[in-house]
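Chemist: Next one to model:
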Amino acid sequence: MSLLFELKAVGVHYGKVQALKACGLRIQAGERVALVGSNGSGKSTLLRTLHGLVRPSTGSLQVDAAARQAMLFQHPYMLRASAQTNVALGLWLKGAAWKEARVQALRALERVGLLALAQRNAKALSGGQQQRLALARAWALRPDVLLLDEPTASLDPAAKREVEALMAEFAQAGMTLIFSSHNLGQVKRLASRVMYLEQGRLLADLPTHDFFNGPLPPEAEFFVKGELV
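Modeler: Residues are numbered from 1 along each chain as shown. Predicted coordinates for the structure are as follows:
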């Protein structure tokens, strides 16, 4: 497996707030990495750092520049336009001719089960449909790495299952997934590796089975038991 990301003692500051503290990790192609921890633990900052949206204040970040990335935010922004146009615009910005971008957009919508809603205004879609549209928008760019920030937060159970199924299919096709989640059942179902963060520190980094069945640092053990109560 090829190395996609390597962080060495990375720290990130927002003014006087330190969001990440001496974070070190390596992520290989094909992994399914879940980031867990309470609100404010640094999960979103770590995702944004990996995606290049946030620059490390200290330490070093090495990224495989040849690996294409896409990121799905917790509340994806929808243009006041059709679902097809929302997908096509990203492809057009990447250099595709507009006619071809619209054709590829329809393929992407079909991939996530939204072809019948291609001409529906994206802002009129349900929360689950918008999240699937955001996945189509990302998938259309053919990324090697997909980063997702709480991809099923606030979705109803049916919509969560639909999004999870798409994530699993993408991973099975060889895409690397890095996602944050408060849903530990989802983590068990989708992740091959779990990273636990607390107050910006990476305290545990283990295969999923070991994370849920082996010894953990006290903070991580308390978090898991609290989540499972």
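
Chemist: Please make it C-alpha for all contacts and neighbour counts, starting now.
Modeler: Noted.

Chemist: The residue lying closest to Leu89 once chain neighbours are set aside in helix, strand or coil?
Modeler: Distance criterion Cα to Cα, 6 or more residues apart in numbering; nearest residue to Leu89, sequence neighbours excluded, is Ala101 at 7.4 Å. Classification of Ala101 using DSSP: H, G, I helix; E, B strand; the rest coil returns helix.

Chemist: Is Ala101 in contact with Ala88, as I believe?
Modeler: Yes: using Cα atoms under 8 Å, Ala101 is in contact with Ala88, at 4.8 Å.

Chemist: Out of those two, name the residue with the larger neighbour count.
Modeler: Taking neighbours as other Cα atoms under 10 Å, Ala101 and Ala88 compare with Ala88 leading, 27 against 23.

Chemist: On the three-state scheme, the more buried one is what?
Modeler: Taking three-state DSSP, the label given to Ala88 is helix.

Chemist: Not counting its own residues, what contacts stretch 179-189?
Modeler: Contact partners of stretch 179-189, identified using Cα atoms under 8 Å, 6 or more residues apart in numbering, comprise 33-38, 43-44, 47, 147-151, 164, 194, 208, 227-228.

Chemist: In it, which residues are buried?
Modeler: 179-182, 184, 187-188 (16 or more other Cα atoms under 10 Å).

Chemist: next one: stretch 106-126
Modeler: If you call a residue buried by 16+ other Cα under 10 Å, then stretch 106-126 has these buried ones: 106-109, 111-115, 117-118, 120-123.

Chemist: Please list the residues outside that stretch that contact it.
Modeler: 78-84, 86-87, 129-130, 132-133, 135-137, 139-140, 166.

Chemist: May I see the buried residues of whichever strand or helix holds Gly24?
Modeler: Assessed by DSSP states H and E, Gly24 sits inside strand 17-28. Within strand 17-28, the residues that count as buried by 16+ other Cα under 10 Å are 19-24, 27.

Chemist: Closest to Lys8 out of those?
Modeler: Comparing those against Lys8 with Cα to Cα picks out Gly24 as the nearest, at 4.6 Å.

Chemist: got the contact list for stretch 57-72?
Modeler: 3-13, 22, 50-51, 134-135, 138-139, 141-149, 151.

Chemist: repeat that for 7 Å
Modeler: 4-13, 134-135, 138, 143-149 (Cα atoms under 7 Å, 6 or more residues apart in numbering).

Chemist: shared neighbours of Ala101 and Ala88, which are they?
Modeler: Counting by Cα under 7 Å, 6+ apart, Ala101 and Ala88 have no contacts in common.

Chemist: Tell me which helix or strand the nearest residue to Ser180 once chain neighbours are set aside sits in.
Modeler: Nearest non-adjacent residue to Ser180, counting by Cα to Cα, 6+ apart: Leu35, 4.4 Å away. Element membership of Leu35, judged by DSSP H and E, is strand 32-36.

Chemist: and the next element down the chain from that strand?
Modeler: Per DSSP H and E, the first helix or strand lying C-terminal to strand 32-36 is helix 43-50.

Chemist: ok and whichever strand or helix holds Ser60 relative to strand 17-28, angle-wise?
Modeler: Assigned by DSSP H and E, Ser60 belongs to strand 58-63. Using axes from the mean of the first three to the mean of the last three Cα atoms, to 10 degrees, the direction of strand 58-63 lies 30 degrees away from that of strand 17-28.

Chemist: Name every strand pairing with strand 58-63 and say which way it goes.
Modeler: Sheet pairing of strand 58-63 (DSSP bridges) gives strand 3-14 (antiparallel).

Chemist: Alright, I will stop here.
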